[in-house]
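Asker: okay, predicted coordinates and the sequence, questions at the end:
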Amino acid sequence: MHISIREEVKQHNSAKFGIAILLLMLTIALFAPLLASYPPNMQTPFAFEPPSFSHWLGTNHVGQDILSQLLYGARTSLLVGFSAALLATILSATIGTSTALIGGLYDRITMRIVDAFIIIPVIVIIILVAAYVKPSLWVLILLLSLLGWQGGARIIRAQTLSLKEMGHISAAQSFGASNAYLTFHHILPDLGPILLVEFIYGIRRAIFMEAGLAFLGITDPTIISWGVMMREALDFCYLDVWQWWLLPPGIALSLTILSVTFIGHTLEGALDPRLESEAIA
Amino acid sequence: MFSIRNLALYLIAMFIILALNFLLPRMMPGDPLMAIYGEEALVQMTPALKAELVERFALDQPWWQQFAAYLSTLFTGDLGYSYYHNAPALEVILGRLPWTLLLVGTTLIISTFGGIILGIESGWRRSSLQDKSLLTGLMVLGGFPDFFLGILLLIGFGVTWAIFPLSGAITPYSGFTGAALVLDVLHHLFLPVTALILCHVGVSYLLTRNTMVTVLKEPYMLTARAKGLSNLVMRYRHAGRNALLPVITRTGIQLGRMITGVLFVEIVFAYPGLGYLTYEALLTRDYPVLQGVLLIVAVFVLIANFLVDLSYSKIDPRIRYAH
Amino acid sequence: MLKLENLKVSYAWEEILNGIDLEVKDGESLAIIGESGAGKTTLALSLMRLVNGNVKGKIFFNGLELLSLSEEAMRGVRGNQIALAPQNANNTLNPVYTILDQVAEPVLEHQSKNRREAREQASGLLSDLGIPKSRFSAYPHQLSGGEQQRVLIAMALANQPKLLILDEPVSSLDAPARAEVIELLKAVSQDRSLIVMTHDISTAAKLADNIAIIYSGRIVELGSMGEVLSWPRHPYTRGLIRSYPDMSTGKDLQGIKGVMNRSVSGCPFSSRCTQVIEICREKIPPLRLIQGRYIACHRGGIIPLLSTKNLTKHFGSLLAVDSVNITIEGAETLALVGESGSGKTTLAKLIMGLAKPTEGEVYLEDSRVNNRGKDFYHQVQMIFQNPGESLSHRLSVLELVREPLDIQEIGTEEERNSKARQVVREVELPETEAFLSKYPHQLSGGEMQRVAIARALVLDPRLLIADEPTAFLDSSLQAKILKLLLNLQEQRGLSLLFITHDIAVARKISDRIAVMKDGRIVEQGPAKSIITAPMHAYARKLSQAASSLSFEVKEP
């Protein structure tokens, strides 16, 4: 099953759009300190200012520049998104391949636990934990990845099981290859595309969760987050300031999530050629 | 094949929740009683009450005895006492539960069935303008976080054009009854449910559409066409019925995501359900309520999954009558 | 009742049906035979307008021209007047509905009955087809392959269609189920017209009166079943039948050289045909009626290569060959069987021109042979009994094989050498210098005979006369030489006149057999018939006296 990711991307406009937006966000995140005119935390006496030449998006309730906050918010979303997704994907891959290859009691018990976690709504657990533990950025990332790898593990396990049956694995085994060799030289490369899709969707989940939790107030107080911005803006929605305070972070968040969704959808299409070809009757 | 394995699954899930509920407060540094009841509550307690609670929870005993104590308190329906609400936690939670059920139920039904029908029509006319625009449209919608959508709707229809109320489930102190009450409830329900549906219809839609695309290539579609059946019959009776199966399976998992969405939407619209309750409890560090909500929500999600599992075997004859 | 006129079906990337003309009358049954990729399923589907490609031409059905109907009108015909029982693969039946419901569906759709009545009718149909009542509420996955096939047929029969199309109705079944379903279908075909698509000739033979052979999107032969099968006129049909294992063949299986290639211009079979001429590569042959058979071939079907008419030879008062009439067709083997002294060798010599006939003529491709010049020997070559004698002991292998080219002065020396090497390779001998410079006395019997065959092949003849070519060889060598000859026939389209006294050998190598006694041909016909049911007493005697390895196996 040979998949060419570049071909798929070339064919789908949505993927190109997604990649473009994501790159834009990455650039903003990386260069936020250079792009922002003010330190985002700096409070000024000019609160609720509408957009002006000095503050392109106006100021919030404590006089902080909204645009600078917006730019720095990108950092948080992307950092949490990528790190949590990376960690979760690594965990999924490890658990998924090991259960498939080792099998037996380990497999059965682990999969029951995985299934149990899939059913439980993650948000409730996070809220509970957050009530007891002061969430710093890294705690958040850790939590998100610990609660996010289960879905991927199922999929990877299923794929590994079917890969295991393929001829080239048996051939390698007949040459005396160890499980580790098989995993790193045969299975993981073949799993590559699926891992990538899991990673992309993991980013999506993590960005969404980070913003949502920030909205609820479960966030690292030292960092800027789009979720927090939206929460604060909502509190003052009766004042007519929402256009430049609420919308920008909301739109930025939605665009980021959307771009990742498009990329993920295109990659998924690449994995499943049945969705692309023609029908007869 | 359904019975024992799945039952074990639910039991393990329940166990994990219970374990979390049990472990978290007790792993915190400091007085475990404070961790269980919260600082504020503790201040209000008399020493006699504290001593009694310590005994009830066996807090000075080895941990497995504590766990047994914990379980036994649960079985008596005692989820703790909420000092903020000045009532037993269970009572508070049960009071808010119906509203959340209303939200979730309505959303689940409308978004699932709407998504299925849209998915069938879209999959049938694959690559047509209708399909492509629906696909893009719903994917875009799915990219918006629930709460943002909710906020937009709130501002749009609640603030700017004041068609819908800004908060609450019913107009307070109105004294509506009967039909007027129902109308009022629906009026308040409209925006939150719309926000939720817009966010979640995409999932069932996408899954149905993609399954339709695969199903349409199956040999039995050609057989159906050769019988001279009409397009409508082929679409729904033959293709749709088969495309249904994965979506139904997914519903159980979908529920988890929907709970997340409901939580946020309730907060945005100040809708007095479990979500809003959780938010309040978080702010006031009302630990008993928080733990109680987790438990109740988990139980409901597990029951819902259980029901979905049951129904699936009814729908797919290949499972029902496996060789 | 059904008439196809120049039906063409193409998809974006290729043309699948390239001008099909067919006719099926009321109550007739037609089998369409073809190998995979020939277009059978496309043809079946296009009859019901179920194909997605570009369809041109006309399909007339009971006065309606189907391709010009609206989709609504066509829908009314499908499952109603024309019905299809599709090939039974996995999931040909909808897995979520009971078989009763699925059989009742077409009734509900096309007849104005209510649900109960439709289900009653469906029950009747299922019972007629042998499904027990207890299985009516079963789901497709609970049924065996044979039962699923019956359900598909019942569905097709639901509205008493006038035309029933079957696509590979029994290929997914094993032998016992197959026989039952075939019986069923025979009963079903009584009241209607039937078109059966299959690659399996024996199924077709049991089900249909007429047969059409489809190759690469065109009909190449069309006629009545019995005639076509016993006397195929198109090279492809003959090749197909030859490659088909059944209980009554004696001749070893032969394939058809090459592979189906859609992008040829002219006759689609031209790249694999052994009697191809220039026009075959340029123009597509139309399907024409020639001597009671429809054939699409520029040469009118399989050509008769050599024939003799009343060939007679006297040696003084001895009548060696008495009024012999035989015909050898292109790419076939005619075995001439008789005892020693029956005149076989003399006949061969007469044909080769090594002896002059007293009376009678020899015809090469319809033109009379008077003087045998280079042209003749280009086409007809001979291999003699004793290679030790027929190969000059003074010449090396290379020189021996090259000799005919030297005599006929064909090509340069280099070309002759390379041609010689090529045929040496063809007869599976080493091409090394060492071997090519050997002399006959240094070769084994088998090698010598192969050299003789190579020498005979170097002129690219169309007919090879082999006079007891294995008489002087051991059995294992004999087997190899026979296989070599059959291979050469398959690859080059070589005709063989195989002369032997051993009817068992003849059986393994020949399409037709002529039995010769005392200079006369006493019986002549398809090898199958001569061997299994010889009519002449002498032929029967030969058959009984033939080598036979059958004996009782005693249990240890």
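Answerer: Ah, there it is.

Asker: which intervals of the stretch 51-200 of chain C have sub-threshold pLDDT?
Answerer: Counting by pLDDT under 70, the stretch 51-200 of chain C contains no low-confidence residues.

Asker: kindly export stretch C:195-209 (C-alpha atoms) in CSV.
Answerer: In CSV, the C-alpha atoms belonging to stretch C:195-209 read as follows (Å, rounded to 0.1, in the frame of the first residue of the first chain):
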residue,chain,number,x,y,z
ILE,C,195,-28.5,-15.7,-21.7
VAL,C,196,-25.7,-17.2,-19.7
MET,C,197,-22.3,-15.6,-19.2
THR,C,198,-19.6,-17.9,-18.2
HIS,C,199,-16.0,-19.0,-18.8
ASP,C,200,-16.9,-22.6,-18.2
ILE,C,201,-17.6,-24.5,-21.4
SER,C,202,-19.2,-27.5,-19.8
THR,C,203,-21.8,-25.4,-17.9
ALA,C,204,-22.6,-23.6,-21.1
ALA,C,205,-23.0,-26.9,-22.9
LYS,C,206,-25.5,-28.1,-20.4
LEU,C,207,-27.6,-24.9,-20.3
ALA,C,208,-27.7,-23.4,-23.8
ASP,C,209,-28.7,-24.3,-27.3
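
Asker: any idea of the pLDDT on residue C:333?
Answerer: The pLDDT attached to residue C:333 in the predicted structure is 90.

Asker: show the backbone phi and psi for residue B:163.
Answerer: phi -80, psi -40 (degrees, to the nearest 10).

Asker: quick one: it from chain A, how far?
Answerer: Separation of residue B:163 from chain A (CB to the nearest CB, to the nearest Å) stands at 16 Å. Any C-beta I mention is one placed from the backbone N, CA and C, and that applies to glycine too.

Asker: do residue C:406 as well
Answerer: With CB to the nearest CB as the criterion, residue C:406 and chain A are 55 Å apart.

Asker: kindly report the same for residue B:255.
Answerer: 8 Å.

Asker: so the helix or strand hosting that residue, near chain C or not?
Answerer: Taking DSSP states H and E as the criterion, residue B:255 maps to helix B:241-268. Yes - counting by CB under 8 Å from any CB of the partner chain, chain C is contacted by helix B:241-268 at B:241, B:242.

Asker: and that helix, average pLDDT?
Answerer: With pLDDT averaged residue by residue, helix B:241-268 scores 83.

Asker: show me where the stretch 51-200 of chain A has helices.
Answerer: Along the stretch 51-200 of chain A, the stretches classed as helices by DSSP state H, counting those that start in this stretch are A:66-102, A:104-119, A:122-132, A:137-146, A:150-164, A:167-174, A:179-181, A:188-216.

Asker: cool, and the stretch 201-323 of chain B?
Answerer: Taking DSSP H, counting those that start in this stretch to define them, one finds helices in the stretch 201-323 of chain B at B:219-226, B:231-233, B:241-268, B:274-283, B:287-315, B:317-320.

Asker: and these as a markdown table, adding mean neighbour count and distance to residue C:352?
Answerer: What follows is these, written out as a markdown table (neighbours: other CB atoms under 10 Å in any protein chain shown; distance: least, CB to CB, whole Å):
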| stretch | mean neighbour count | distance to residue C:352 |
| --- | --- | --- |
| helix B:219-226 | 23 | 60 |
| helix B:231-233 | 12 | 72 |
| helix B:241-268 | 22 | 72 |
| helix B:274-283 | 24 | 104 |
| helix B:287-315 | 20 | 80 |
| helix B:317-320 | 14 | 71 |
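
Asker: closest to residue B:65 out of the ones you listed?
Answerer: Across those, residue B:65 has its closest neighbour in helix B:287-315 (19.5 Å, CB to CB).

Asker: do you know how far residue C:403 is from chain A?
Answerer: Residue C:403 sits 53 Å away from chain A when distances are taken as CB to the nearest CB.

Asker: ok, now which ones touch that residue?
Answerer: Applying CB atoms under 8 Å, 6 or more residues apart in numbering or on different chains to residue C:403 gives the contacts C:395, C:455.

Asker: give me the element it is part of.
Answerer: According to DSSP H and E, residue C:403 maps onto helix C:397-408.

Asker: any regions of chain B where pLDDT drops low?
Answerer: If you take pLDDT under 70 as the line, chain B has these spans: B:1-5, B:29-32, B:38-41, B:58, B:321-323.

Asker: can you count the residues close to the residue in it positioned nearest to chain A?
Answerer: Minimum separation of chain B from chain A (CB to the nearest CB) falls at residue B:143, amounting to 3.2 Å. Summarising burial for residue B:143: neighbours were counted as other CB atoms under 10 Å in any protein chain shown, giving 24.
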